[in-house]
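Engineer: need coordinates for the below:
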Amino acid sequence: MGYSHQEIEKKWQEYWIKNNTFFTNLADKSKPKKYVLVMFPYPSGSGLHVGHIRNYMIADALARFYRFRGCNVFMPIGWDAFGLPAEQYAIQTGNHPATFTNTNIQKFKEQLLKMGFSYDWSKEINTSTPEYYHWTQWIFCQIYQQGLAKYKEIPVFWCEKLGTVLANEEIKNVDGEKVSERGNFLVVEKKISQWVLKITQYASELLKDLEQLDWPNSIKSLQKNWIGLSNGTTINFPLSEKNKLFVPVFTTRPDTIYGVVAIALSINHPLISEITLPEYQKKVVDFCEHWKDKKESKEIAGEFTGSYCLNPLNNEKIPIWITNFVISDYGTGAVMISPYFSEKWLWETSPKQTGLFTEQEKKQNKKVDYAFAEKYKLLENKTVGIPPPLRLEYLSKYEKGKEIEIINQELEKRQVGKRTETYHLKDWVFSRQRYWGEPVPVIHWENNQKEVLSEKDLPLILPSIIDFAPNPHYYSPLQKAEDWVNIERKDGTKGKRDVNVMPQWAGSCWYYIAFLLKQKDNYLPLDSKEAKEIIKNWLP
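Structural biologist: A predicted model of the protein is given here:
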């Protein structure tokens, strides 16, 4: 007998759909539960690729295995349908993203059905439907009301050609230039008012709970580096000319404070305009403009501000520079330069010295580790341009291994510094200047107050506009929908809807919950008793 795979597979695929063979009763507690979750596809392009099929085959085999073992298996599927790729494709082809996204979904679905994967199609979701993003917007409102969402001006990566802010994951480096992953368009850094979510408030919990995950150590290491805990000290350096103004500096080596020869600020430091003297303004502005987009350069450069600050422990004047190598979003965006504590600098720029301490000095300071002290004590040497030496009274306090503690105690005693934890992790930039996404449910009133929409006003429907291409005259395509943007309260107060949309990840961050709450044409309210019970049972 011949095997007609097309006829037989079609027969059983139609049977499975007609009889809801893979429907999961989420309320069934008689069997062990298994939630087989796959990364749902983005419906762009001409269809599924082999990578989709590979991953979904593995998940399907696992789901079938657990069913044979008598488990109540839940394996849903849906569509991650908002985002930049769909919008760019729409601009290039003259289509509307809503139209071709739905067309692509049907094509993707046909392909998945032909593969015979055992999905519970009754739980199919689509992040671009109002029924779905009602709850994406609701989640944002809860975050805002908890004080975890803030609208502020911050430096971001901006792509002029795409007309939007891009996340690090959407950027790549080509020949030393930052370009967009989609289209290879130039990306620059600029300050724009953006919505951010304060994930940094959970940095310590994220780091701690990482240990509880059954992940490969290599992945955990990547996550730890991404969170990036640094234990150090924040030291306040007062300006010598402006006593009320000071430059906070984060350092992991407060013990080098007596060797500080300069303070270096990032090109985005908020105090640049206040610190820079008038006669230095033009050079500093030109320097910052020149280096703002050259993040990958190996060249080290700086520009003097004309101002000085004081070392808080010995009152020595220290010049303040703007440099291209200080990272603006790490620590305080300022570092102290202590070349004395760089062995390479020390021994390449000065002759090796021995016997720098007299026998009398050694008798007076019995606790000093002299091998350590001699390594760092310098004699004044004008011929090689070495600044004044470290103070003996500083070194004499040292017991090896306790240097940092001694300096921290002194800084705290004088109230000019404190021990600090800082993280590489940054708050999540949660807004995009494009059309195809979830509208941010916020109104900006003319009295500078902001108001999130109440639940009865959700979802805030994305307006239908034809021209959504980037335009330098508009901050965002949604500005073009003037009737939608401009609103007025009963008391006559005028306001504007927020014209940002949420990033693509907004909808996909909670999709694993959405599958559980999907009803026939809607979703169980996230704060309902029934929803909480289902989530508790399936996501303990």
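Engineer: what domains does the record give for this structure?
Structural biologist: With domains defined by automatic domain parsing, the chain comprises 11-125+513-538, 136-198+427-505, 227-413.
Engineer: quick one: strands adjacent to the one helix or strand residue 152 maps to?
Structural biologist: Residue 152 belongs to strand 149-159 when assigned by DSSP states H and E. Applying DSSP bridges to the sheet, strand 149-159 is found paired with strand 164-166 (antiparallel), strand 188-197 (antiparallel).
Engineer: hang on, the earlier thing: and the domains of the chain as JSON lines, adding mean neighbour count, distance to residue 4 and mean pLDDT?
Structural biologist: Quick note: C-beta positions are derived from backbone N, CA and C, even for glycine. Below are the domains of the chain laid out as JSON lines (neighbours: other C-beta atoms under 10 Å; distance: least, C-beta to C-beta, whole Å; pLDDT from 0 to 100):
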{"stretch": "domain 11-125+513-538", "mean neighbour count": "16", "distance to residue 4": "10", "mean pLDDT": "92"}
{"stretch": "domain 136-198+427-505", "mean neighbour count": "17", "distance to residue 4": "42", "mean pLDDT": "89"}
{"stretch": "domain 227-413", "mean neighbour count": "16", "distance to residue 4": "55", "mean pLDDT": "71"}
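Engineer: how far off centre is the strand holding residue 152?
Structural biologist: 11 Å (C-alpha atoms, centre = their mean, to the nearest Å).
Engineer: got the CA coordinates for it in CSV?
Structural biologist: Coordinates of the C-alpha atoms in strand 149-159 are reproduced here as CSV (Å, rounded to 0.1, in the frame of the first residue of the first chain):
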residue,chain,number,x,y,z
ALA,A,149,6.5,55.0,35.4
LYS,A,150,8.0,58.4,34.8
TYR,A,151,8.1,60.9,32.0
LYS,A,152,11.4,62.6,31.8
GLU,A,153,14.1,63.9,29.5
ILE,A,154,16.8,61.3,29.0
PRO,A,155,19.6,60.5,26.5
VAL,A,156,18.3,57.9,24.1
PHE,A,157,19.4,56.3,20.8
TRP,A,158,17.4,58.0,18.0
CYS,A,159,17.1,56.9,14.4
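Engineer: doesn't residue 309 lie inside a helix?
Structural biologist: No: counting by DSSP: H, G, I helix; E, B strand; the rest coil, residue 309 falls outside a helix, being strand.
Engineer: quick one: contacts for it?
Structural biologist: When the contact criterion is C-beta atoms under 8 Å, 6 or more residues apart in numbering, the partners of residue 309 are 237, 238, 239, 240, 246, 247, 263, 317, 318, 320.
Engineer: the residue nearest in space to the middle of the chain and residue 182: what is the separation?
Structural biologist: Using C-alpha atoms, centre = their mean, the residue of the chain that lies closest to the mean C-alpha position is residue 428, 4.2 Å off. For residue 428, the distance to residue 182 equals 20 Å [C-beta to C-beta, to the nearest Å].
Engineer: which ones are touching the closest residue to the residue nearest to the centre of the chain other than its chain neighbours?
Structural biologist: Taking C-beta to C-beta, 6 or more residues apart in numbering as the measure, residue 428 lies nearest to residue 197, with 4.4 Å between them; neighbours along the chain are not counted. When the contact criterion is C-beta under 8 Å, 6+ apart, the partners of residue 197 are 143, 148, 149, 427, 428, 430.
Engineer: looking at those residues, which two lie furthest apart in space?
Structural biologist: 143 and 427 (11.9 Å; C-beta to C-beta).
Engineer: that older thread, now render the contacts of residue 309 as a markdown table, adding distance to residue 65 and secondary structure.
Structural biologist: Written out in a markdown table, the entries for those read as follows (distance: C-beta to C-beta, whole Å; DSSP: H, G, I helix; E, B strand; the rest coil):
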| residue | distance to residue 65 | secondary structure |
| --- | --- | --- |
| 237 | 63 | strand |
| 238 | 67 | strand |
| 239 | 68 | strand |
| 240 | 72 | coil |
| 246 | 63 | strand |
| 247 | 61 | strand |
| 263 | 62 | strand |
| 317 | 72 | strand |
| 318 | 67 | strand |
| 320 | 65 | strand |
